[in-house]
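Peer 1: Predicted coordinates and the sequence they were generated for:
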Amino acid sequence: TTISDAYGRFSFSIDQAGLIVIQFKHIGYVSREVDYQPNPRGGSNLHVTLSPRIIMLPAVEIQGIPTGRNLALPPHTFYQYEPDELSRQTTQQVSDLLTNIPDVSVKSSTPGQPVQISLRGSQSDQVLILLNGQPLRSAGTGQFDINQIPVASISEIQVAPGNQSARYGNQAMGGVVNLILRPSIRKSNLKLNLSRGSFGLNRGRVSAVWNRPAWSSEIHFTLSDADNRYPYQSSGKAGIRENAGSQQQSLWLTTNYHPKSAWRWEGIAFKTLRQQHLPGPIFELTPDAHQLTDQNHILSNLTLANAEWQFASRTSWDAQNLEQQSTVSVMGGYHNRIRTSTREQNISVSRQFSAGALSGEANWEWESLNGEDLLRPQFSLGNEHRQTREAAGSATGRFKLGSVDFIPHLVVREHEISTGQRLTTWQAGVQLEKAAFTAWLRTGTGFRLPNFWELFWVPDAYATGNPDLKPERSRDQEFGIHVEPVTSWQIGF
């Protein structure tokens, strides 16, 4: 027995006379036996060619199981942005990542203040924030501050401008922003980050990731402090903005449990304590005004799926305690204590077919408000609540018309509100695909329920609540063309 070199060459010696049989073997080739008569006078060369061995294996079918983390929209109809590792390490807030995406406008004042996100000129309260494809609704104003989410946890950001109420319900009238967390395949690690910035900002963050075969978990703790002092000049009057500092502590925890590929549980919990001093308008002195916000959010998502069926159950709870206090203001002193909470339960089922998909979901939401003014009892908000029940169904098809893929879709959502109102929203569209060319047309209706602040806020110098406010309604159309990789443009109205 002998072994060849990298080129298949080898040599050996024979100490016997007469005819011998030499057997040649190689992985991936058919073995061959050759009769050989040694040369009694000495060595000789022998050239042998082996035939490749062809093995017919049974067909292997690979099927993807949907996770529900992505937007339920046709490709090219929404923007996708994946930050690289450097961006995640150097960017301090998730809102800073949105500046890389078209049609997105981010407005922020000073550190510690929640940001406002606008899509194609919409109001910030018309944009719904999603986390792994699931709505995040905050108690009170309904607006969720995305900067509570650690930048290091973001894998991808998807933005769909335009009316999405039929797909995602209340507050999606102007579009949705979907934040997708990084998959649980990272190595266990511990990181410390310290930074300084403008407005006297100091920030520190500790992050830890644990990863095991069947589960993973990560935790982020952040401390930040900023004095927010800056010079101003108005009508010949100059000065330094005082009483504008903010302090914030945030704790973020996520856990994934996936013992089997067919099901997965994901739990997310975070707590934010934010103290803000409120300077007020330039000509209104509020030397002692301050606000303390304690926000807690818990999200649980269970998914069971195979190649055809998917069942998902989502439970979320958001509670916010807000305390505002000042002895000097236009309206006199105030000391508000306001507690708001939102509970939501969603169950969805979807079925995949070779020619499309069908899905249905049921959603229940309960919102409550309790507010009192210790200095002005007559201006207390009192106790209020609202319940919303929703049912939605969607259908998507995929048909071949010659060389063109024809993809129609329809979504209908029915809303029933405890105030006696019933709303129906819908979205219909079609997408055409041929090689690198894609065109789509979409139309639909949307709505936004007034939040508790708009309904019940006590009269002050800037706003007054109106319990008789009706839901906002809208209708939009969009046409778009995408040519890979040349151009992509859209027309919406």
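Peer 2: Nice, I can see it. Residues are numbered from 1 along each chain as shown.

Peer 1: what residues are up against Asn70?
Peer 2: 133, 158, 178, 180 (Cβ atoms under 8 Å, 6 or more residues apart in numbering). In short, each C-beta sits where N, CA and C put it, glycine included.

Peer 1: In strands, which of these fall?
Peer 2: For the contacts of Asn70, the ones inside strands are 158, 178, 180, with DSSP state E as the criterion.

Peer 1: on that earlier part again, counting neighbours, which of the contacts of Asn70 comes out on top?
Peer 2: By neighbour count, taken as other Cβ atoms under 10 Å, the most surrounded of the contacts of Asn70 turns out to be Asn178 (25 neighbours).

Peer 1: Give the full set of residues in contact with that residue.
Peer 2: Remark: with contacts taken as Cβ under 8 Å, 6+ apart, Asn178 is in contact with 70-71, 130-133, 157-160.

Peer 1: if we can go back for a sec, could you identify the most distant pair in the contacts of Asn70?
Peer 2: Taking Cβ to Cβ, the two most distant members of the contacts of Asn70 are Gly133 and Gln158; they sit 8.8 Å apart.

Peer 1: Can you pull the residues that touch both of those two?
Peer 2: Going by Cβ under 8 Å, 6+ apart, residues that sit against Gly133 and also against Gln158 are 70-71, 178, 180.

Peer 1: on that earlier part again, closest one of the contacts of Asn70 to Thr2?
Peer 2: Minimum distance to Thr2 across these is 56.8 Å, recorded for Ile180 (Cβ to Cβ).

Peer 1: for that closest one, what are its contacts?
Peer 2: With contacts defined as Cβ under 8 Å, 6+ apart, the neighbours of Ile180 are 69-70, 132-133, 154-158.

Peer 1: Show me the residues you listed that map onto helices.
Peer 2: Within the contacts of Ile180, no residue falls in helices by DSSP state H.

Peer 1: could you dump these to CSV with distance to Glu82?
Peer 2: As requested, the contacts of Ile180 are exported to CSV (distance: Cβ to Cβ, whole Å):
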residue, distance to Glu82
Arg69, 13
Asn70, 12
Asn132, 15
Gly133, 16
Ile154, 9
Ser155, 7
Glu156, 5
Ile157, 8
Gln158, 10
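
Peer 1: is it possible to export those to CSV including pLDDT?
Peer 2: Converted to CSV, the contacts of Ile180 look like this (pLDDT from 0 to 100):
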residue, pLDDT
Arg69, 69
Asn70, 71
Asn132, 86
Gly133, 84
Ile154, 88
Ser155, 88
Glu156, 90
Ile157, 91
Gln158, 91
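
Peer 1: Closest to Val430 out of these?
Peer 2: Each of the contacts of Ile180 was checked against Val430 using Cβ to Cβ; the closest is Asn70, at 20.3 Å.

Peer 1: Just give the nearest non-adjacent residue to Val94, would you?
Peer 2: Closest residue to Val94 in three dimensions, ignoring its sequence neighbours and counting by Cβ to Cβ, 6 or more residues apart in numbering: Ile146, at 4.8 Å.
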